[in-house]
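Trainee: sequence isn't available, so here's the structure alone:
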């Protein structure tokens, strides 16, 4: 290995680490607010990429029908809860179940977007509501369950979504048109414009998230829910809506990640699983609690994967996932067991 190869591998590691960083941020966000280890996070990546590919091919993306079906199911559940005497926030329910699906249907079936910007916006409108709808169907009824029970539900939901992805999109992979065809030569190292877009969008999202949680009232409410759910509820923060919002943000982050990687690599219906697992490794480095450490862990995972592909390509996945063992061992020595709290 010479310096040129090392720089090329470093560039790939940074680009991959940027995507894993977004996954890690989403996983930490969802876990800290809802205690859900959201295994299906990667499915948002695959669905976002394949939805964009379908729009660029002039087809109606199957995610529209998935969104409409989930919206009808959630409306039925909310009506059943209301009939039993439970107080239902119909404004939020109608927002996720009627407003977003209606806008998505108009964009897909009415406007038939042709520009890349409108196609990307349509993809986000299609994927973003899937998070809150899945939360209301699968997780909200078990909000007081143990972390293990919520993890089992996540594994089951992952299997369902992978099966739906195969049914909707087929076994063939897809790529999309890159957002930038530019080529740069930095110090003799070729850099693609799409790689710059990936890193740039990731930085913008990270900065936006830190501003959101540090400055906005909604972000502070999410942080309060993550720190003490009972205290947040006693302070008047609607913790159920916090779950909706955290899953919506996770879905948006997943969809953006799918839009970023689809021009770089062929995306299949199950591609998101490995991406989500590597994001999970990065989140574990941060203890599923620290956003900066999760980002650092994502960069470490990306670089380790890149250099492992050069030195031992057959074992690169093994080396990446083995990283979790010393991290867990170190954390077990430094932390004390604490019983689960509400």
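Mentor: Perfect, I can see it now. Quantities reported herein were computed from a predicted structural model and do not represent experimental measurements.
Trainee: okay, CA-based contacts and neighbour counts for the rest of this
Mentor: Fine.
Trainee: what about the strands in the protein?
Mentor: Under the criterion DSSP state E, the chain contains strands at 183-186, 189-192.
Trainee: next one, pLDDT for the residue minimising distance to the centre of the chain please.
Mentor: Central residue of the chain (CA atoms, centre = their mean): residue 254, 3.1 Å from the mean position. Residue 254 is assigned a pLDDT of 93 by the prediction.
Trainee: what of residue 231?
Mentor: 80.
Trainee: one step back: and the strands of the chain as CSV, adding distance to residue 124?
Mentor: Converted to CSV, these look like this (distance: least, CA to CA, whole Å):
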stretch, distance to residue 124
strand 183-186, 27
strand 189-192, 24
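Trainee: hmm, the residue nearest to the centre of the chain is touching residue 49, no?
Mentor: No: in this structure, residue 254 is not within contact of residue 49 by CA atoms under 8 Å, at 9.5 Å.
Trainee: contacts only, for the spatially closest residue to residue 7 that is not a sequence neighbour.
Mentor: Nearest non-adjacent residue to residue 7, counting by CA to CA, 6 or more residues apart in numbering: residue 189, 7.3 Å away. Listed by CA atoms under 8 Å, 6 or more residues apart in numbering, the contact set of residue 189 reads 4, 7, 8.
Trainee: any of those residues buried? List them.
Mentor: Using 16 or more other CA atoms under 10 Å as the burial test, the contacts of residue 189 include no buried residue.
Trainee: just the ones of those in helices?
Mentor: 4, 7, 8 (DSSP state H).
Trainee: show me which of these is closest to residue 250.
Mentor: residue 8 (30.5 Å; CA to CA).
Trainee: before we move on, the earlier item: let's have the contacts of residue 189 in TSV, adding distance to residue 297.
Mentor: Listed next are the contacts of residue 189 as TSV, based on distance: CA to CA, whole Å:
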residue	distance to residue 297
4	25
7	20
8	20
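Trainee: take those and lay them out in TSV including pLDDT.
Mentor: Shown next, in TSV, are the contacts of residue 189 (pLDDT from 0 to 100):
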residue	pLDDT
4	74
7	79
8	81
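Trainee: closest to residue 55 out of these?
Mentor: residue 8 (32.5 Å).
Trainee: beta-bridge partners for the nearest residue to that closest one once chain neighbours are set aside, please?
Mentor: Nearest residue to residue 8 in three dimensions, chain neighbours excluded: residue 189, at 6.8 Å (CA to CA, 6+ apart). Counting by DSSP bridges, residue 189 is bridged to residue 186.
Trainee: start the count at 10 instead of 1 going forward.
Mentor: Sure thing, new numbering starts at 10, so read that last one as residue 198.
Trainee: how far away is residue 198 from residue 221?
Mentor: Distance, residue 198 to residue 221, by CA to CA, to the nearest Å: 36 Å.
Trainee: residue 314 too?
Mentor: 31 Å.
Trainee: out of those two, which sits in the busier spot?
Mentor: Taking neighbours as other CA atoms under 10 Å, residue 314 and residue 221 compare with residue 314 leading, 26 against 15.
Trainee: off-centre distance for stretch 112-122?
Mentor: Centroid separation for stretch 112-122 versus its chain: 24 Å, with CA atoms, centre = their mean, to the nearest Å.
Trainee: buried sites along that stretch?
Mentor: Quick answer for stretch 112-122 (16+ other CA under 10 Å): 113, 114, 116, 117, 121, 122.
Trainee: and for that stretch, what's in contact with it?
Mentor: 64, 67, 69, 73, 128, 131, 134, 135.
Trainee: ok, now with 7 Å
Mentor: Here stretch 112-122 makes contact (CA atoms under 7 Å, 6 or more residues apart in numbering) with 69, 128, 131, 134, 135.
Trainee: again with stretch 324-331
Mentor: By CA under 7 Å, 6+ apart, stretch 324-331 touches 290, 310, 313, 314, 317, 318.
Trainee: distance of residue 73 relative to residue 129?
Mentor: For residue 73 relative to residue 129 (CA to CA), the value is 14 Å.
Trainee: again, but for residue 289
Mentor: 26 Å.
Trainee: of those two, who's got more company?
Mentor: Remark: of residue 289 and residue 129, residue 289 carries more neighbours, 31 against 21, as counted by other CA under 10 Å.
Trainee: hang on, the earlier thing: mind putting the contacts of stretch 324-331 into CSV with distance to residue 241?
Mentor: Formatted as CSV, the contacts of stretch 324-331 follow (distance: CA to CA, whole Å):
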residue, distance to residue 241
290, 29
310, 34
313, 39
314, 40
317, 45
318, 46
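Trainee: name the nearest of the residues you listed relative to residue 44.
Mentor: residue 290 (16.9 Å).
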